[in-house]
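Enquirer: Provided below for reference: sequence and predicted model.
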Amino acid sequence: ARGGPLGPSFVLPEGFRDTRAALIERFPALRTGIGEVLSDMERIATGLGVLSRGRAAFDDPLAGLSALLKLGPVVSGWRGSLSERLQRAFGEDEAAKCALAANVLYWHDNPDTLWWILFAVAQGGYIASGSRYIQGGSQRLSNALARALRTAGGELVLHRRVTEILLDANGLPIGVAHEGKGGGRAEARGRVIVSNAAPAAVASMLPQTKRQAFSAPYAERPLSISLFSATFGIAQRPAEFGMAAYSTMLLPEWMRTLRDYRRGAAILAELPGEALPPIAVVNYSAIDSGLGGPPFPVSVVGADRLANWQDLDAASYEEKRDRWAKALVAGLDRVYPGFAGSVVSSVFSTASSISSYLNAPDGAVYGFAPTPPTGPIWQGSGRSPRTPVDRLFLASSYAGSGGYTGAILAGATAARHVLAALPVSKK
Ligand SMILES: Cc1cc2nc3c(=O)[nH]c(=O)nc-3n(C[C@H](O)[C@H](O)[C@H](O)COP(=O)(O)OP(=O)(O)OC[C@H]3O[C@@H](n4cnc5c(N)ncnc54)[C@H](O)[C@@H]3O)c2cc1C
């Protein structure tokens, strides 16, 4: 991370010991706060890891007990926000807050309403064991999952939009109706439905009489942020321009506090001017990504809102998108001189692309906003694959948390619910 309150680059290392040492070296006066906050994160990340193995952890009472004891910081910080916890650890030192949480955009754009426990688990996981990239790109994961489904005797139907969830007289699912781009309604039968679409989209597939009851548990939940994303093809290796890391958070000069992240998405409401939003820059050739090159892909991601791109005719939308792509290239060239001259291709997606391409309400990319739970700790996070319609489950980030890890964990939890709802006969 670099820029903004942080100034010169700070590299967040892998491993809690190295992270502690790097933060203390950069912020020696905050030694106590750094020790405390990292210790909380480590206990939360590893403790919840044990608990998330589910009942199995409690089958061994000692493992269950020690996991619960480790979770002392969860109990005390259950409804806290990231801002509150960092304020306690670092006071007014915004540089230290940015050093530990510059990639806050991976979850939310407002540290005041980002649930501290979720941040501790997710960022604690990154610190404990690094992040992972699917070699060759995420399509390979989709392909592998498709192969596994087919091998198990499943059938995949692609490029179809589910329009209806069909229920029997008892209100239990019996299948879905779907259609292609040019129409052509078809039905698929099944006693369990698992959906990755947003609850708002699922509601519109249900019979009118079921919609209100289905939507009730989600009514008060704000949606997560959306993102814009620009992917550039670069003729030279980005390392030649000094872009050495896989992921760099570039904080603009106008940023004074970590909280200023809140202002990032609004900047794209206008045509580009002086100010750029805070952005994540990813250089895939810094790791063994399997993406090859030249051109070497570099992607730039920042918070966005559907409202930034609505009410524009096609020509104005294209022009605004094009001008923002150029502004980002110019901004990157100031930090990495030579970058602009090396760009050979560019693709820019907005909150509007995400909304239309993924049928995501408001272009939300992480499901519901990761705000602190409103209930007590024994009620859990309030997220679940279960819905008010029996045998209709969510398997997306709406049932857990955002990102690939959140979506995959929610899918695994949904699978357990499905097996419980519909026991598979063992041959
Ligand atoms: C630019 C960008 C970069 C990101 N980078 C990362 C990253 O590096 N690491 C990370 O962990 N996360 C990243 N994320 C976030 C991550 O992609 C999402 O949080 C995650 O994919 C959410 O999974 P999901 O299953 O909830 O939703 P989605 O992945 O949106 O899946 C929902 C699916 O439902 C389908 N659908 C909707 N309606 C219907 C319907 N009526 N009929 C049939 N199908 C329907 C959609 O087509 C879509 O395929 C990134 C997101 C963006 C936009």
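Expert: It's in. Numbering: from 1, shown residues only.

Enquirer: check which residues of stretch 259-269 are buried.
Expert: For stretch 259-269, burial by neighbour count (16 or more other Cβ atoms under 10 Å) applies to 259-265, 267-268. All C-beta atoms are positioned from the backbone trio N, CA, C, and that covers glycine.

Enquirer: so which of those residues belong to helices?
Expert: Mapping these onto helices (DSSP state H) picks out 264-265, 267.

Enquirer: can you list the low-confidence ranges for this protein?
Expert: Within the chain, the stretches with pLDDT under 70 are 49-70, 75, 378-379, 423-427.

Enquirer: which bits of it sit near the ligand?
Expert: Applying Cβ under 6 Å from any ligand atom, we find that the chain lies next to the ligand at 161-162, 196-197, 201, 227, 229, 301, 354, 358-360, 365-367, 396-397, 402-405, 407.

Enquirer: can you say which of the residues you listed are buried?
Expert: Members of the residues of the chain next to the ligand classed as buried by 16+ other Cβ under 10 Å are 162, 196-197, 201, 227, 229, 301, 354, 360, 365-367, 396-397, 402-403, 405, 407.

Enquirer: quick revisit: from the residues of the chain next to the ligand, which ones fall inside strands?
Expert: Using DSSP state E, the subset of the residues of the chain next to the ligand located in strands is 161-162, 227, 229, 301.

Enquirer: all strands for the stretch 301-427 of the chain, in order.
Expert: Residue ranges of the strands in the stretch 301-427 of the chain, as given by DSSP state E, counting those that start in this stretch, are 343-349, 392-394.

Enquirer: before we move on, back to that, got TSV for the ones in strands among the residues of the chain next to the ligand, with distance to residue 44 too?
Expert: Below are those laid out as TSV (distance: Cβ to Cβ, whole Å):
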residue	distance to residue 44
161	40
162	37
227	26
229	30
301	26
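
Enquirer: can I see the domain layout of the protein?
Expert: According to automatic domain parsing, the chain comprises the domains 2-129, 154-221+382-421, 226-362.

Enquirer: out of those, which comes closest to residue 135?
Expert: Of all the domains of the chain, it is domain 226-362 that lies closest to residue 135, at 4.1 Å by Cβ to Cβ.

Enquirer: how long is the closest one end to end?
Expert: Length of domain 226-362, first residue to last, Cα to Cα, to the nearest Å: 7 Å.

Enquirer: centre of the chain to that domain, how far?
Expert: How far domain 226-362 lies from its chain's middle: 17 Å, per Cα atoms, centre = their mean, to the nearest Å.

Enquirer: wait, residue 164 touches residue 173, no?
Expert: No: using Cβ atoms under 8 Å, residue 164 is not in contact with residue 173; the gap is 10.8 Å.

Enquirer: excluding its backbone neighbours, what's nearest residue 252?
Expert: Beyond its immediate neighbours in the sequence, the residue positioned closest to residue 252 (Cβ to Cβ, 6 or more residues apart in numbering) is residue 276, lying 5.0 Å away.

Enquirer: if we can go back for a sec, okay if I get the domains of the chain as TSV plus distance to residue 139?
Expert: Output for those, formatted as TSV (distance: least, Cβ to Cβ, whole Å):
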stretch	distance to residue 139
domain 2-129	21
domain 154-221+382-421	13
domain 226-362	11
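
Enquirer: returning to that earlier point: quickly list what's touching both of residue 164 and residue 173.
Expert: Overlap of the contact sets of residue 164 and residue 173 (by Cβ atoms under 8 Å, 6 or more residues apart in numbering) is empty.

Enquirer: can you name the residues that contact the closest residue to the ligand within the stretch 1-150 of the chain?
Expert: Going by Cβ to the nearest ligand atom, the ligand is nearest to residue 106 of the stretch 1-150 of the chain, at 7.0 Å. Counting by Cβ under 8 Å, 6+ apart, residue 106 touches 122, 280, 403.

Enquirer: that one and residue 302, how far apart?
Expert: Remark: distance between residue 106 and residue 302 (Cβ to Cβ, to the nearest Å) = 12 Å.

Enquirer: neighbours of the nearest residue to residue 288 once chain neighbours are set aside, how many?
Expert: Spatial nearest neighbour of residue 288, excluding adjacent residues (Cβ to Cβ, 6+ apart): residue 135 at 6.7 Å. Residue 135 has 12 neighbours, counted by other Cβ atoms under 10 Å.

Enquirer: kindly report the same for residue 8.
Expert: 8.

Enquirer: so the spatially closest residue to it that is not a sequence neighbour bridges to which residues?
Expert: Ranked by Cβ to Cβ, 6+ apart and with sequence neighbours excluded, the top spatial neighbour of residue 8 is residue 2, at 6.4 Å. Beta bridges link residue 2 to residue 250, judged by DSSP bridges.

Enquirer: give the contact list for residue 2.
Expert: 8-10, 248-251, 335.

Enquirer: which strand residues bridge the residue in the stretch 201-350 of the chain that the ligand sits nearest to?
Expert: Across the stretch 201-350 of the chain, no residue is closer to the ligand than residue 229, which sits at 3.3 Å (Cβ to the nearest ligand atom). In this structure, residue 229 bridges to residue 301, residue 349 when assessed by DSSP bridges.

Enquirer: give the contact list for it.
Expert: Shown in contact with residue 229 (Cβ under 8 Å, 6+ apart): 299-301, 348-349.

Enquirer: of those, closest to residue 21?
Expert: residue 301 (29.2 Å).

Enquirer: circling back to that earlier point, adding distance to residue 44, write the strands of the stretch 301-427 of the chain out as a markdown table.
Expert: What follows is the strands of the stretch 301-427 of the chain, written out as a markdown table (distance: least, Cβ to Cβ, whole Å):
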| stretch | distance to residue 44 |
| --- | --- |
| strand 343-349 | 33 |
| strand 392-394 | 25 |
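
Enquirer: mind checking which of those is nearest residue 89?
Expert: Residue 89 lies closest, by Cβ to Cβ, to one member of the strands of the stretch 301-427 of the chain: strand 392-394, at 34.7 Å.

Enquirer: return the distance of the closest one from the chain's centre.
Expert: With Cα atoms, centre = their mean, you get 20 Å for strand 392-394.

Enquirer: mind exporting stretch 314-322 as PDB, just the C-alpha atoms?
Expert: C-alpha atoms of stretch 314-322 as PDB (Å, rounded to 0.1, in the frame of the first residue of the first chain):
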ATOM      1  CA  ALA A 314     -25.100   4.800 -24.900                       C
ATOM      2  CA  ALA A 315     -22.700   7.300 -26.400                       C
ATOM      3  CA  SER A 316     -22.300   9.300 -23.100                       C
ATOM      4  CA  TYR A 317     -21.800   6.000 -21.200                       C
ATOM      5  CA  GLU A 318     -19.000   4.900 -23.600                       C
ATOM      6  CA  GLU A 319     -17.400   8.300 -23.500                       C
ATOM      7  CA  LYS A 320     -17.400   8.500 -19.700                       C
ATOM      8  CA  ARG A 321     -16.000   4.900 -19.500                       C
ATOM      9  CA  ASP A 322     -13.300   5.700 -22.000                       C
END
